[in-house]
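# What follows is a predicted protein model with its sequence.
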Amino acid sequence: MLSGAATMAYEAHSPAIPATSEGLTADWVTAALAAGGRSGARVARVERERVGEGVGVLAELYRLRLTYAPGATGPASVIAKLHASNPEVRELNGAYGFYEREARFYQEVAPTIELRTPEHYFSAFDPQTGDCVILMGDAAPAASPDQIAGISLRELTVAIDGIATLHAHWWDDARLADLRSIMPPRRHIATSSTTTAPVCPSRCRN
């Protein structure tokens with residue numbers, strides 16, 4: 001049975017969500033890994049690299065290459081997904097609840113499905129500020145497809161097969177009712193008698 005947890009926020013023993021990428025330090029990664037169940041992964045150094053910039057990503061992505069203290073072990077590199085610094089992007093994310101949904105997906109939903117997802121090390125969402133961070137496995141050399149060129153037929157087939165498997169798994173499943181407490185319907189939606197449309201950020205209201 002899926003848990004019907006309240007809106008997720010980081011717990012007292014978890015590290016605070018970094019305000020910027022400068023906060024993705026060795027101490028922070030060590031604490032995040034420990035909060036996720038890897039208490040022996042003491043990180044000595046972090047090399048930070050921005051990835052996925054300018055490809056329509058609604059958050060800031062960083063590849064963190066990790067060097068561990070003597071005797072400590074853990075993943076050689078991880079991906080940190082941090083809330084966007086752009087206020088208009090933050091407004092869009094808040095309107096749709098994207099950050100909360102994704103963080104809760106990795107915490108509550110991903111372990112229950114067969115669809116391949118990156119390994120989840122740590123995630124936190126603060127409903128007061130809208131700040132969010134997710135620490136996940138590095139899927140390199142896999143890469144996001146070119147949004148202009150598109151993808152090959154083989155890649156499309158793999159994607160459709162994965163989607164079909166996911167839908168088949170949940171088809172007419174009573175547990176879907178539990179998901180409404182974990183992945184609530186999107187918020188801040190403006191409706192009329194004939195249309196349903198998302199609230200648009202201030203930039204596109206002119």
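All right, it came through fine. Residues are numbered from 1 along each chain as shown.
# which other residues reach the helix ranked longest in the chain?
As assigned by DSSP state H, the longest helix anywhere in the chain is helix 153-170. With contact meaning CB atoms under 8 Å, 6 or more residues apart in numbering, helix 153-170 is reached by 113, 114, 115, 116, 145, 151, 176. Bear in mind the C-beta positions are built from the backbone N, C-alpha and C, glycine included.
# Mind putting these into JSON lines with neighbour count?
Listed next are the contacts of helix 153-170 as JSON lines, based on neighbours: other CB atoms under 10 Å:
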{"residue": "113", "neighbour count": "13"}
{"residue": "114", "neighbour count": "10"}
{"residue": "115", "neighbour count": "11"}
{"residue": "116", "neighbour count": "9"}
{"residue": "145", "neighbour count": "13"}
{"residue": "151", "neighbour count": "14"}
{"residue": "176", "neighbour count": "12"}
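# Now tabulate these in CSV and tack on distance to residue 123, pLDDT and secondary structure.
Output for those, formatted as CSV (distance: CB to CB, whole Å; pLDDT from 0 to 100; DSSP: H, G, I helix; E, B strand; the rest coil):
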residue, distance to residue 123, pLDDT, secondary structure
113, 16, 81, coil
114, 20, 78, coil
115, 17, 81, coil
116, 18, 82, coil
145, 25, 79, coil
151, 28, 90, coil
176, 22, 80, helix
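# what are the ranges of the helices in the protein?
Here the chain has its helices, by DSSP H, at 26-35, 87-96, 98-104, 153-170, 176-182.
# Now do the buried residues in the longest helix of the chain.
When neighbours are counted by 16 or more other CB atoms under 10 Å, no buried residue of helix 153-170 is found.
# CA atoms only: put it into CSV for me.
Extracted C-alpha coordinates of helix 153-170, given in CSV (Å, rounded to 0.1, in the frame of the first residue of the first chain):
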residue,chain,number,x,y,z
LEU,A,153,12.6,5.0,-34.5
ARG,A,154,14.5,2.6,-32.2
GLU,A,155,14.6,5.1,-29.4
LEU,A,156,11.0,6.0,-29.9
THR,A,157,10.0,2.3,-29.8
VAL,A,158,11.9,1.8,-26.5
ALA,A,159,10.1,4.9,-25.0
ILE,A,160,6.7,3.7,-26.1
ASP,A,161,7.3,0.2,-24.8
GLY,A,162,8.2,1.7,-21.5
ILE,A,163,5.1,3.9,-21.3
ALA,A,164,2.9,1.0,-22.3
THR,A,165,4.4,-1.2,-19.6
LEU,A,166,3.8,1.5,-17.0
HIS,A,167,0.2,2.0,-18.0
ALA,A,168,-0.5,-1.7,-18.1
HIS,A,169,0.9,-2.1,-14.6
TRP,A,170,-1.5,0.5,-13.2
